[in-house]
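*Asks:* Coordinates for the following, if possible.
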Amino acid sequence: MDLSLRMVSKPAQRSSMYNIVDSLSSAYQEFIAAAAGVLEAKESSGGQKTPTTDAALENFKQRWELFRVACDQAEEFVESVKQRIGSECLVDEATGSVAAKPGQPVPSGLPPISAVRLEQMSKAVRWLVIELQQGSGAGGGASHANISAPFDARF
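*Replies:* Below is the predicted model of the structure:
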């Protein structure tokens, strides 16, 4: 199955994706309508500043902000899906779950590792990143207490 379809085929994810697209579309339509409202108000006032033009501009600013928020939410969703797809690809590669495509040689090299082992290594790397971000790169082992197995330094 195509990876892009695998992520979107999950019902909750599909529903979320459609909700985000609907929200983005609605915010865009309201933004465009507000822009048209500003143009109409300016035209009807002869280009003069009036309470109507001020209200139209204020509405435009609000719709612009709502549209930006909708864009940010859509971007966050796309990024989360990209990360999930990347994680799934990594797990598939590491565990040997990816079958070779027809006509391509089977990759030789390191033997596959278990998904559990990969998760343990991933947790260890995340903890190291957190420690480095907090400026305690030489931190003790106590912060790693929630890792279910000791970290194998070979990885």
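
*Asks:* alpha carbons only for contacts and neighbour counts from here, please
*Replies:* Noted.

*Asks:* helix, strand or coil for residue 113?
*Replies:* Here residue 113 is coil, with the state taken from DSSP: H, G, I helix; E, B strand; the rest coil.

*Asks:* and it, how many neighbours does it have?
*Replies:* Using other Cα atoms under 10 Å, residue 113 has 13 neighbouring residues.

*Asks:* I'd say residue 91 and residue 115 touch.
*Replies:* Yes: because the distance of 6.4 Å satisfies Cα atoms under 8 Å, residue 91 is recorded as touching residue 115.

*Asks:* which one of the two has more residues nearby?
*Replies:* More crowded of residue 91 and residue 115, by other Cα under 10 Å: residue 91, with 20 against 15.

*Asks:* Secondary structure element for that one, which one?
*Replies:* helix 51-95 (DSSP states H and E).

*Asks:* Beyond that helix, next helix or strand please.
*Replies:* Downstream of helix 51-95 (by DSSP H and E), the next one is helix 115-133.

*Asks:* and that following helix, what does it pack onto?
*Replies:* helix 51-95 (3 or more Cα pairs under 8 Å, 6 or more residues apart in numbering; DSSP states H and E).

*Asks:* and the angle for the helix it packs on with helix 115-133?
*Replies:* 130 degrees (axes from the mean of the first three to the mean of the last three Cα atoms, to 10 degrees).
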